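In: predicted structure and sequence below. I'll ask about it afterward.
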Amino acid sequence: RKEAVNVGDFSSSAFYSDAEGMRSGLVVPISKYGQPVGVLRLFSRKRNYFDSLIQDLIQLLVSQTGVTLANIWEYSNAARRTSLLTDQAQALNHLLHTRKQIEADTSLEEAIGILAEAIGEISQFEVVMIFKYDRQYKMLKPAALKGYSPEDEQVVSEIFHPWENVLQLTRPEFQRSRSYYVSHEHTAEHFSLVPDHLDFDYTVPLDSDDSWIPGSQLLLPIYDGQNNPLGMVAVDVPRDGLAPSDVRLEMLELFAAEVGLVMERSAKVAELKEQIELVETKIMQAEAQAQASQHMPHLEVLLQKDLE
């Protein structure tokens, strides 16, 4: 209802009051641009307390309250948009800085290690795992690990994951944007890229519906232009104890795409090197054959002299 409701006496009215000892009440809707956004409830121990004069005064105050709320919400939305733009700008700057660290002669292992550190810094996740896809064995192999003790890192680096098992974690019901958020109960049904026997110090915020429950995992698959798997980025242990927001997810996907570019570029360079080596081998074989053919006439002359 958009109009105010005045109850002169609850004892003789169909309306019910949960305020003990109150005889009369007034309910006034609070509107924002004509749309209800709240309700003001007033009670009195006296019967028929809210006369027309009081109602007019309350309506005036409520109209000002609606304007104030509208201004607060607009300011809050503007501040949120500004914060999002700031976070996005910082992520882009961090990405550009990271790119400068990866030079043409930087090895793939070193480049992935640099990106793992950058992902941990920009995304606020303590544990970052970057896997490389092995086409021959169709498995994910750890390529960079961040957030583990040296002993645990040694163990985790030797654990390979069959791609067919990983696909169980990329089902549509887990998808968020281009990533997959697998909550702890679903991880228990399948398996985890983060070994469950390791203990991490999780921050658990109070009274938050977006808390990150230990055992959950956020996965970012990486594919090439032909949709062939290149690898995977997995993160765990958020510093604020919260599940990823849309902004944080966007940052992660930005850096995961950079990991994919590095992997794809490395694969193309390796393929070109193989082709160059193959061409060089063929050239050497052709030169050897040419030199051998040049010596053939001399051999024929020598053989002729021996026969004479």
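Out: Yep, it's here.

In: only C-alpha atoms for contact and neighbour calcs from this point on.
Out: OK.

In: what about stretch 62-82, distance to the chain center?
Out: Averaged C-alpha coordinates place stretch 62-82 at 30 Å from its chain's average position (CA atoms, centre = their mean, to the nearest Å).

In: next: stretch 226-240.
Out: Using CA atoms, centre = their mean, the offset of stretch 226-240 from its chain centre is 8 Å.

In: and that stretch, what's its mean pLDDT?
Out: Mean pLDDT, computed over stretch 226-240, is 92.

In: helices or strands up against the top helix by length along the chain?
Out: Assignment by DSSP state H gives helix 246-307 as the longest helix of the chain. With contacts taken as 3 or more CA pairs under 8 Å, 6 or more residues apart in numbering; DSSP states H and E, helix 246-307 sits against helix 52-101, helix 108-123, strand 217-223, strand 229-238.

In: can you lay out those as a markdown table showing distance to Ala143 and mean neighbour count?
Out: Listed next are these as a markdown table, based on distance: least, CA to CA, whole Å; neighbours: other CA atoms under 10 Å:
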| stretch | distance to Ala143 | mean neighbour count |
| --- | --- | --- |
| helix 52-101 | 18 | 14 |
| helix 108-123 | 7 | 19 |
| strand 217-223 | 13 | 23 |
| strand 229-238 | 9 | 24 |
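
In: any weak-confidence spans in the stretch 151-300 of the chain?
Out: 188, 196-198, 204-208, 292-300 (pLDDT under 70).

In: before we move on, back to that, lowest mean pLDDT across the helices and strands packed on helix 246-307, which one is that?
Out: helix 52-101 - the lowest mean pLDDT of those, at a mean of 79.

In: and that helix with helix 108-123, angle?
Out: Per axes from the mean of the first three to the mean of the last three CA atoms, to 10 degrees, the angle that helix 52-101 makes with helix 108-123 is 160 degrees.

In: I'd like to know which elements helix 52-101 is packed against.
Out: So helix 52-101, by 3+ CA pairs under 8 Å, 6+ apart, packs with strand 24-32, helix 108-123, helix 246-307.

In: could you dump the helices and strands packed on helix 246-307 into a markdown table with distance to Ser12 added?
Out: Listed next are the helices and strands packed on helix 246-307 as a markdown table, based on distance: least, CA to CA, whole Å:
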| stretch | distance to Ser12 |
| --- | --- |
| helix 52-101 | 20 |
| helix 108-123 | 61 |
| strand 217-223 | 59 |
| strand 229-238 | 57 |
